[in-house]
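> Prediction below, plus the sequence it came from.
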Amino acid sequence: MLNKKSLFVILLAAASLHAQQAVLPYTEVVPNDSSTGTTVNRFASKSSAGAAIISTAGNTSGVIGVVIDNAGTAGSAIIQKMGAAPIGIDADGSTTTGHYMTLSGSTNGKGTDAGASCPSSGQVLGFWTQTGSGAGTYSAVIDLTLCTGSSGSGTVTTSGSPANTQIAKFSSGTAITTATGADINTQWYVAGGGTAQHQTATYSPAIASLATGTQLCWLPIAANSGAGPDFAPNGLTAKTITKNGTAALIANDITTTAVACAIYDGTRWQLQNPQTSSSAISTSTNSFTSVWGQGYIDGSTGGDSAVAQVANQGKSILWTVTGIIKTTGVCYNVQTAAGAGAGLAIGIYDLALTTQYATVTASGTNVTTTGNQCVNWTGGTTTLNAAAYLILFSSDSTTLILNGYFDTSAIMCKAQAATTTGSGNTANSGCARAPGMTTGTGGSLAFVSPGTLAGLTYTGMVSSRNTPFLQLY
């Protein structure tokens, strides 16, 4: 029979063990579920309300640890989440030291021996540190981090023998092969080829077909000369390059100093980084300056008379600038196109024709295609101070007709029979031209020297219209 002293010692030891268990490392205190509750030495999970419940047999996830004290349906359970289980873990059968431990498939909360290899499924809870025969309580180490990411094993074979420098793809569940351009959703870049209006590039792996959304980059070897360039990667069908949706490119939107990047929209290549300063033509944007000509200035070496339209005859427009502007290029309207190989020279001069401020020679589709055309000045951006200027036009074409930019009346037209058009106007005033303004042909067309131009006789304003002749950007 126990005496009072012996009983006191036993109670003191139990209290000491209880206190040690409550402060063990890697423990969590969780309120017990009032219905299901928990059982000591068995695994626990959390209910949807966050209460501790005994883990259901066969569950493959959700176990948070083993209950080491205060189990039941009241109070709070002390749950060991990591390390050696201080009072063991209930097993549903025999155990072997070193074997993995998972949740029992037959008894709620119990552990089971899962063998010597990482299980291919289920939640690994730790490993047994005691060999036991049959169901019982055995020592174990809790470690919920074991075998994480394990999904079994298998064999991967090659099909097509991808080289070390190539990108591979799975051609089936267990076989890999060399990836093609269409397999890789990425941005490609290579040095380009082709010509100014027919850009090409060769990518490796090859672009086998064009899919909507394909994005490619290349460094052009030639700048586009006007609207309508196309792009053909890896010898595929060339598709037109546009910008801002379907807007046509202007000269030098593609340059040799900037990598060009475009996205295929299913119909065309949309250039993502046009290099010109403006990307649309609009009289409402500050990026454009309307040239409201005060009238035509006709010039000739023999008075204002009917001049047959031959190569290198030109006209001029008087233009007054009231402030300081910067211009990168000029836009005009082609009413009747020039033939292949023709050119159009446009220049800005002072009234004495002794100083040239800007010039450009348009050729290719910029003169052989009707409608609005835009070209950059050859020397880049030019600053013009408040003053009066002459804008000169000259072409080697005998068919080219230019309209006012927003006016159907011609500003550069073919010679007509001499007529009298009204008081103050002279015969053939709308179409007379000054011969000898330019030399050369096509893209080599150029204005003669300012000194030679100054020798031309300008007879003064012969007509006036309140419409913009040009757009400068």
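Nice, thanks for sending it over.

> Strands of the stretch 101-250 of the chain, start to end?
111-113, 124-128, 136-138, 140-142, 157-158, 168-170, 175-178, 188-194, 198-201, 215-219, 230-233, 239-243, 247-248 (DSSP state E, counting those that start in this stretch).

> If you average pLDDT over each of those strands, which is lowest?
When these are compared by mean pLDDT, strand 157-158 comes last with a mean of 60.

> Cys217 and Tyr189 touch, don't they?
Yes. Using C-beta atoms under 8 Å, Cys217 is in contact with Tyr189, at 4.2 Å. (Glycine included, C-beta is placed from N, CA and C.)

> which neighbours do those two share?
Val259 (C-beta atoms under 8 Å, 6 or more residues apart in numbering).

> Mean neighbour count, the strands of the stretch 101-250 of the chain: which tops it?
Neighbour counts (mean count of other C-beta atoms under 10 Å) averaged over each of the strands of the stretch 101-250 of the chain peak at strand 111-113, with a mean of 26.

> helices and strands around that one, which ones?
Counting contacts by 3 or more C-beta pairs under 8 Å, 6 or more residues apart in numbering; DSSP states H and E, strand 111-113 packs against strand 89-91, strand 100-103, strand 124-128.

> Take these and write them to CSV, including distance to Ser48.
Compiled in CSV, those are given as follows (distance: least, C-beta to C-beta, whole Å):
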stretch, distance to Ser48
strand 89-91, 25
strand 100-103, 19
strand 124-128, 22
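
> follow-up on the earlier one: among the strands of the stretch 101-250 of the chain, which comes closest to Arg268?
strand 239-243 (4.8 Å; C-beta to C-beta).

> Please list the outside residues in contact with that closest one.
Here strand 239-243 has contacts from 199, 210, 224, 228-232, 248-249, 253-254, 262, 264, 267-271, 274, 279, using C-beta under 8 Å, 6+ apart.

> Look up the pLDDT of the closest residue to Thr378 other than its chain neighbours for me, please.
Nearest non-adjacent residue to Thr378, counting by C-beta to C-beta, 6 or more residues apart in numbering: Val360, 5.1 Å away. pLDDT for Val360: 89.

> show me what contacts Val360?
329-330, 345-347, 375-378.

> again, only using 7 Å
330, 346, 375-378 (C-beta atoms under 7 Å, 6 or more residues apart in numbering).

> do Val334 as well
Contacts of Val334 by C-beta under 7 Å, 6+ apart are 367, 369-371, 373, 402.

> Which strand residues bridge it?
Taking DSSP bridges as the rule, Val334 bridges to Gly371, Leu402.

> before we move on, the earlier item: and which of the contacts of Val360 is nearest Ala168?
Nearest member of those to Ala168, counting by C-beta to C-beta, is Asn376, at 45.8 Å.

> how deep is the spatially closest residue to that closest one that is not a sequence neighbour tucked in, by neighbour count?
Spatially, and ignoring its direct neighbours in sequence, Asn376 is nearest to Gly329 (3.9 Å; C-beta to C-beta, 6+ apart). When neighbours are counted by other C-beta atoms under 10 Å, Gly329 registers 24.

> what sits against Gly329?
The neighbourhood of Gly329, defined by C-beta under 7 Å, 6+ apart, consists of 374-377, 473.

> for Ala386, same thing?
Contacts of Ala386 by C-beta under 7 Å, 6+ apart are 321-324.

> Among these, the buried ones, what's the ChimeraX command?
Remark: buried members of the contacts of Ala386, expressed as a ChimeraX selection using 16 or more other C-beta atoms under 10 Å:
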select :321
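
> Mind checking which of the contacts of Ala386 land in helices?
Among the contacts of Ala386, no residue falls in helices (DSSP state H).

> any chance of the contacts of Ala386 in CSV, plus pLDDT and distance to Leu453?
What follows is these, written out as CSV (pLDDT from 0 to 100; distance: C-beta to C-beta, whole Å):
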residue, pLDDT, distance to Leu453
Val321, 75, 20
Thr322, 71, 25
Gly323, 72, 26
Ile324, 78, 25
